[in-house]
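Novice: Have a look at this fold, sequence not included:
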């Protein structure tokens with residue numbers, strides 16, 4: 001088993017139980033205690049768990065805790081990749097698309113290189129960097145400006161003013177949390193205001209959220225679930241969550257993350273939870 005796969009399983013077990021011992025993980029993974037300790041060291045350095053004597057515990061989460069882009073980009077890497085690859089198929093030539101800050105949306109930006117005649121509006125320095133191609137004359141990138149926050153997003157009055165002056169075909173948005181009652185949330189008050197402006201500027205709201213975002217609630221809501229036109233997630237989303245989402249969101253696309261097929265390939269055809277048809 002590759003180190004990345006082991007570490008993903010370790011994170012799943014820690015989040016499921018709240019804390020695990022080295023001996024348990026070694027037996028679960030079929031590796032030595034030393035290998036487990038090295039993996040725990042690596043995950044602890046990335047801020048994904050807390051290493052303690054004899055094992056590890058889950059990171060404490062609060063409604064106002066905002067991870068840095070570097071930390072967020074190390075979480076659920078494969079899930080974000082398959083979600084972003086499918087999201088890219090929703091972007092058509094000639095569109096004006098807003099892309100908000102976040103590690104999943106940054107992954108999406110790296111899949112847009114072959115789509116011609118795009119105008120991208122973003123409040124993300126990372127997204128703008130990913131789209132930086134001096135040889136593409138058909139690509140326009142509009143960076144909103146604003147105050148920089150830990151997620152490397154640009155927020156605040158300057159960003160909001162720029163966004164409200166624009167009208168885009170679609171906004172693609174990552175979220176810190178998604179919940180039945182709280183809707184779409186973020187731990188940052190200024191980011192919430194900026195995201196509201198994005199939602200208001202777009203004809204269609206597309207949300208990219210891996211399974212770990214379900215049930216997480218940030219400090220500030222910026223949209224209810226009913227405002228979402230399309231939500232893309234992975235197949236590790238709990239069944240009860242899929243049922244709730246299908247009742248409130250126009251289209252829920254659940255993308256397989258297991259197996260050997262490429263993202264969006266024939267063996268990994270996503271389904272729409274609301275009606276069960278192929279997406």
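Specialist: Yep, it's here. Predicted model only: the values in this text are computed from it and were never measured.

Novice: what about residue 243, how many neighbours?
Specialist: Using other CB atoms under 10 Å, residue 243 has 11 other residues around it. No exception for glycine: its C-beta is placed from N, CA and C like everyone else's.

Novice: make that residue 86, sorry
Specialist: 21.

Novice: and if you look at the one 10 residues further on?
Specialist: Burial of residue 96, expressed as a neighbour count using other CB under 10 Å, amounts to 18.

Novice: Surely it and residue 168 touch.
Specialist: Yes: Residue 96 lies in contact with residue 168 (CB atoms under 8 Å); the separation is 4.4 Å.

Novice: so what sits against both of those two?
Specialist: Contact criterion CB atoms under 8 Å, 6 or more residues apart in numbering; residues shared by residue 96 and residue 168: 119, 121.

Novice: Provide a list of residues in contact with residue 215.
Specialist: 177, 178, 179, 241.

Novice: per-residue pLDDT, it?
Specialist: Here, the pLDDT recorded for residue 215 equals 87.

Novice: Likewise for residue 109?
Specialist: For residue 109, pLDDT reads 95.

Novice: Enumerate every residue touching it.
Specialist: So residue 109 contacts 99, 120, 122, 126, 127, 130, 131 (CB under 8 Å, 6+ apart).

Novice: Same question for residue 202.
Specialist: Taking CB under 8 Å, 6+ apart as the test, what residue 202 contacts is 98, 167, 168, 169, 170, 171.

Novice: Repeat that for residue 117.
Specialist: So residue 117 contacts 93, 94, 138, 139 (CB under 8 Å, 6+ apart).

Novice: of the contacts of residue 215, closest to residue 249?
Specialist: Taking CB to CB as the measure, residue 249 lies nearest residue 178 of these, at 9.7 Å.

Novice: elements contacting the helix or strand harbouring the closest one?
Specialist: Element membership of residue 178, judged by DSSP states H and E, is strand 177-179. Where contact means 3 or more CB pairs under 8 Å, 6 or more residues apart in numbering; DSSP states H and E, strand 177-179 is packed against strand 183-186.

Novice: Looking at the contacts of residue 215, state which has the most neighbours.
Specialist: Ranking those using other CB under 10 Å puts residue 178 first, with 26 neighbours.

Novice: Following the record's annotation, map out the domains of the protein.
Specialist: 3-58, 69-272 (automatic domain parsing).

Novice: So how do I select the buried members of the contacts of residue 109 in ChimeraX?
Specialist: The ChimeraX command for the buried members of the contacts of residue 109 (criterion: 16 or more other CB atoms under 10 Å) is given here:
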select :99,120,122,126,127,130,131
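
Novice: The contacts of residue 109: which two are farthest apart?
Specialist: Greatest spatial distance among the contacts of residue 109 (CB to CB): 120 and 126, at 12.6 Å.

Novice: Just name the most buried of the domains of the chain.
Specialist: Most buried of the domains of the chain by mean neighbour count (mean count of other CB atoms under 10 Å) is domain 69-272; its value is a mean of 19.

Novice: Confirm residue 222 sits in a strand?
Specialist: Yes: according to DSSP: H, G, I helix; E, B strand; the rest coil, residue 222 belongs to a strand.

Novice: Could you pull up the contacting residues of it?
Specialist: 183, 184, 185, 186, 191, 192, 193, 195, 196, 199.

Novice: returning to that earlier point: looking at the contacts of residue 202, which is nearest residue 232?
Specialist: residue 170 (12.6 Å).

Novice: So the nearest residue to that closest one once chain neighbours are set aside versus residue 251, what's the distance?
Specialist: Using CB to CB, 6 or more residues apart in numbering and skipping residues adjacent in sequence, the residue nearest residue 170 is residue 204, 4.5 Å away. The spacing between residue 204 and residue 251, counted by CB to CB, to the nearest Å, is 10 Å.

Novice: where do the contact lists of these two overlap?
Specialist: Joint contacts of residue 204 and residue 251 (CB under 8 Å, 6+ apart) are 229, 230.

Novice: what ranges do the helices span in this protein?
Specialist: Along the chain, counting by DSSP state H, helices occupy 3-17, 22-29, 33-45, 69-72, 77-88, 103-109, 125-130, 157-164, 189-201, 239-248.

Novice: Perfect, I'm done here.
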